[in-house]
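Pasting a predicted model and its sequence here:
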There are 2 protein chains.
Amino acid sequence: MSSAEHRRHGAVSIRDVAKRAGVSIATVSRTVNQIPTVNPELAKKVWKAIEEVGYLPNTQARALVSGRSRMLGLIVSEITNPFFPELIQEFENLAVAQGYEVLIGSTNYDPARTESLMRRLLQRNVDGVAVMTFGVEEELVKKLVEREFPLVFVDAGPDLPNIRLVQVDYGEGIRQGVQHLAALGHRTIAFITGPLNQRSPLARRDAYIRAMAELGLQAPPEHVVEGNHTMEGGINAMEQLLLLPELPTAVICSNDMTAIGALHALHRTTYRVPDDISVVGFDDIHLAQFALPPLTTVQMSCKDLAAAAIESLRAGIEPDHPRQHKKEWHVSTRLVVRRSSTFPRGSLPALVGPAAGKTP
Amino acid sequence: MSSAEHRRHGAVSIRDVAKRAGVSIATVSRTVNQIPTVNPELAKKVWKAIEEVGYLPNTQARALVSGRSRMLGLIVSEITNPFFPELIQEFENLAVAQGYEVLIGSTNYDPARTESLMRRLLQRNVDGVAVMTFGVEEELVKKLVEREFPLVFVDAGPDLPNIRLVQVDYGEGIRQGVQHLAALGHRTIAFITGPLNQRSPLARRDAYIRAMAELGLQAPPEHVVEGNHTMEGGINAMEQLLLLPELPTAVICSNDMTAIGALHALHRTTYRVPDDISVVGFDDIHLAQFALPPLTTVQMSCKDLAAAAIESLRAGIEPDHPRQHKKEWHVSTRLVVRRSSTFPRGSLPALVGPAAGKTP
DNA sequence: CCAAAGTTAGCAAACGCTTTCCGATTCGAA
DNA sequence: TTCGAATCGGAAAGCGTTTGCTAACTTTGG
């Protein structure tokens, strides 16, 4: 009776390999870890035995010895928001490539959920946590920072000293959008914000106001409507703009879902996008290219965000990481012009510029 | 110097609590586990100490003793497909409620990825795995089933004996859609399939053919077009249907993303939905209600699916689970009528039925 | 007031698997 | 023969928790 047979679900252990190959478990371990003091021929025999019995080194036991679980936590606000799965995907790819596993949690903007999630991750001994949501208790964060627990806030985070941050350059991103519209000839450019109790939507709105000012354009309060980064929010905000005595010729939205909501609201009216009004989003989620019409948007690269988050965590986890003390990481953006933006009506003949909608 | 201070990132252990409360670690453990042999007053002191030092029991160490990691694996095909995040959400909620954590992996339909993911999950010692994708190697599955490793296939799975399955009643679901359209007066009802190399899209198509036959309706081959369960696939398939000499008056799609793709393809034409053609989806993803027009679809409850998967796994994991030997679980569906379906043009006056599109 | 029964807390082993230190063996060279 | 290098095996260490057993203390009954 092999030692495997009286263990739960018969997982194969290093002992089974040792028995099969006729060597000690020490030799198997050294073989698996590529330690050069093992005879190449013997190593070959061991590898064969590993194949035959289907041995998979037990990560938990390894964690026991190394003191590192090689698991990372990833906290997002809501997994059903299409932006996050794309980011999760990238994060996971990169983590796995570095030998880490990812524990994902979705807070749904619920502080109680966030706290219990954080607690669960710590109980699970994750090596680090990336946070992409708001509402993590400052007390807890302080305690973790004090312990030098690797914790990185991605496009979020409380205002505390000595915190690892991945920041998106909103100033540049929003400016790209505003300049694009201004260059097309737009003068009245409205803005639909995200939930303004959070840092990054605020940063986006402020970036809009600054970019408008730089160009000498007006950004009156009635042209800045609050949304909540969901499609519903975009619909409501757009309907609010539709009540204005004079419709702006362009709208920039704080994220793509909002922009898609705005498109929906406009679709119910007699106004056409982009002929009557241009719409620009932010994020460049996958869905943006399938909107009607395909959405002009400011791309925030998920891959870059995820890569920065992982690097920042690795810097905190691995003792001899080159950028160990770098606390702030920056991610840039770029404009993706599709078909939801064009010249304001009447400013130029319709045959110029990025194809002006359907021409039946 | 507390014992915590020379451990990695200063995690607090049971020893720190014991020292703080002036008791042994055994007493702390018994307190945490609510074992009645501990003096209530002492217990109070221990709980206070736990609060003060911020103790979190280490799950890995507990796993060491119990032999169970209390982690579940969840394998999906692509996390960026909006259907899956909703399911992941439900799965995670239920798992956490039962004290489990979830390791999520996305295969992107890549068999190599699937295999390495499965291997990683086993290395991590998960207590069970729910699989919602195809292409898991039969050899591996056989080996795991033989070991009685808890493994459940949700709406998927190879054709092997003695396998835990969660199955959706497609016969009923698709029949609901077909009958809905037939009742409205449709006679030519086309079907856009999913990728036909997989079991569940095949089941859906067969269900369509059966439902049509039951009603004495024709389902000629040119009315059954292959999609791939993505929006792009839906667009392409719909364009293929548009080439037919006579357009069917209704289309059922194998999933909602396909239906949304079909809506997009139709939007580029002069045909209006639902006046010229009715479109029915399957899944009822969140996005369905925000489609243009809101999509009539067959709801497959994520919550039910997730609940069945968790129950099935728990039955395999927990030694004294009531339904220990139940291998097949079923999930039902129900029709959700929105605005993408109505009477075929000309069959009835336009003022009847579920609001017939925009009326400017 | 003492013996027996009943509480309650502490000590130490066990848990499972890997890694690794250190000692043992072999073999060739000096 | 002795020494050193190359390899391998035995066995301990390592993690933090749980738990069986024991001992001390308290209560009860005679």
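Looks like it arrived, so ask away. Numbering: from 1, shown residues only, chains lettered A, B, ... in the order given.

any idea where the strands of the stretch 201-350 of chain A begin and end?
Under the criterion DSSP state E, counting those that start in this stretch, the stretch 201-350 of chain A carries strands at the ranges A:224-226, A:250-253, A:278-283, A:296-300, A:328-331, A:333-336.

and of those strands, who's closest to DNA strand C?
Proximity to DNA strand C (Cβ to the nearest atom of the strand) singles out strand A:328-331 among these, at 30.8 Å. Where you see a C-beta, it was placed from the backbone N, CA and C, and this is true even at glycine.

what helices or strands is that closest one leaning on?
strand A:164-168, helix A:302-317 (3 or more Cβ pairs under 8 Å, 6 or more residues apart in numbering or on different chains; DSSP states H and E).

Show me what counts as buried in the helix or strand following the first one.
So the one you mean is strand A:164-168. Following strand A:164-168 in sequence order, the next helix or strand is helix A:170-184 (DSSP states H and E). For helix A:170-184, the neighbour count (16 or more other Cβ atoms under 10 Å in any protein chain shown) marks A:Tyr170, A:Gly171, A:Gly173, A:Ile174, A:Arg175, A:Gln176, A:Gly177, A:Val178, A:His180, A:Leu181, A:Ala182, A:Leu184 as buried.

if we take those, which one ends up nearest to A:Ala259?
Looking at the buried residues of helix A:170-184 and their distance to A:Ala259, the nearest is A:Gly177, at 10.5 Å (Cβ to Cβ).

Report the separation between that closest one and A:Ser254.
11 Å (Cβ to Cβ, to the nearest Å).

Check the contact lists of those two and give me the overlap.
Common contacts of A:Gly177 and A:Ser254 (Cβ atoms under 8 Å, 6 or more residues apart in numbering or on different chains): A:Phe282.

Flag every residue of the stretch 251-360 of chain A that's near chain B.
Counting by Cβ under 8 Å from any Cβ of the partner chain, the stretch 251-360 of chain A comes close to chain B at A:Gly261, A:His264, A:His267, A:Arg268, A:Thr270, A:His286, A:Phe290, A:Leu292, A:Lys358, A:Pro360.

The third one contacts B:Leu292, doesn't it?
Right, A:His267. Yes. A:His267 lies in contact with B:Leu292 (Cβ atoms under 8 Å); the separation is 5.9 Å.

Between those two, point out the one with more neighbours.
Using other Cβ atoms under 10 Å in any protein chain shown, the more surrounded residue of A:His267 and B:Leu292 is B:Leu292, with 19 against 16.

what sits against the more buried one?
A:His264, A:His267, A:Leu292, B:Leu263, B:His267.

Pick out the lowest-pLDDT one from these.
Within the set of those, pLDDT is lowest for A:Leu292 (83).

Over in the stretch 201-350 of chain A, which residue gets nearest DNA strand C? Let me know.
Closest point on the stretch 201-350 of chain A to DNA strand C, by Cβ to the nearest atom of the strand, is A:Pro319, at 13.5 Å.

Quick check, pLDDT for that residue.
Value for A:Pro319, per-residue pLDDT: 79.

where does the one residue in the stretch 101-250 of chain A that gets nearest to DNA strand C fall, helix, sheet strand or coil?
Closest residue of the stretch 101-250 of chain A to DNA strand C, Cβ to the nearest atom of the strand: A:Asn125 (12.5 Å). Of the three states, A:Asn125 takes coil under DSSP: H, G, I helix; E, B strand; the rest coil.

ok, it touching B:Asn58?
Yes. Under the criterion of Cβ under 8 Å, A:Asn125 makes contact with B:Asn58 at 6.3 Å.

Find the residues that touch each one of those two.
With Cβ under 8 Å, 6+ apart, A:Asn125 and B:Asn58 have common neighbours B:Ala11.

Between the two, which is the more surrounded one?
Using other Cβ under 10 Å, the more surrounded residue of A:Asn125 and B:Asn58 is A:Asn125, with 21 against 17.

For A:Val141, see how far away the more buried one is.
19 Å.

Please report how far A:Lys48 lies from DNA strand C.
Here the criterion is Cβ to the nearest atom of the strand, to the nearest Å. By it, A:Lys48 lies 17 Å from DNA strand C.

By proximity to DNA strand D, which residue of the stretch 51-200 of chain A wins?
Taking Cβ to the nearest atom of the strand, the stretch 51-200 of chain A has A:Leu64 as its residue nearest DNA strand D, at 3.1 Å.

what's the burial count for that residue?
13.

angle of the strand or helix carrying it against helix B:59-66?
Using DSSP H and E, A:Leu64 sits in helix A:59-66. Relative orientation of helix A:59-66 versus helix B:59-66 (axes from the mean of the first three to the mean of the last three Cα atoms, to 10 degrees): 120 degrees.

Can you spell out which helices and strands pack onto helix A:59-66?
Counting by 3+ Cβ pairs under 8 Å, 6+ apart, helix A:59-66 packs on helix B:59-66.

returning to that earlier point: list of residues touching the helix holding A:Leu64?
A:Ser69, A:Arg70, A:Glu101, A:Asn125, B:Gln60, B:Ala63, B:Leu64, B:Ser69, B:Gln123, B:Arg124, B:Asn125.

now stretch A:205-223
A:170-171, A:173-175, A:177-179, A:182, A:187-191, A:193, A:196, A:224, A:241, A:244, A:248, A:252, A:254.

ends of it, how far apart?
By Cα to Cα, to the nearest Å, the extent of stretch A:205-223 from end to end equals 11 Å.

Quick check: closest non-adjacent residue to A:Gln89.
Among residues not flanking A:Gln89 along the chain, B:Ile79 sits closest, at 5.5 Å (Cβ to Cβ, 6 or more residues apart in numbering or on different chains).
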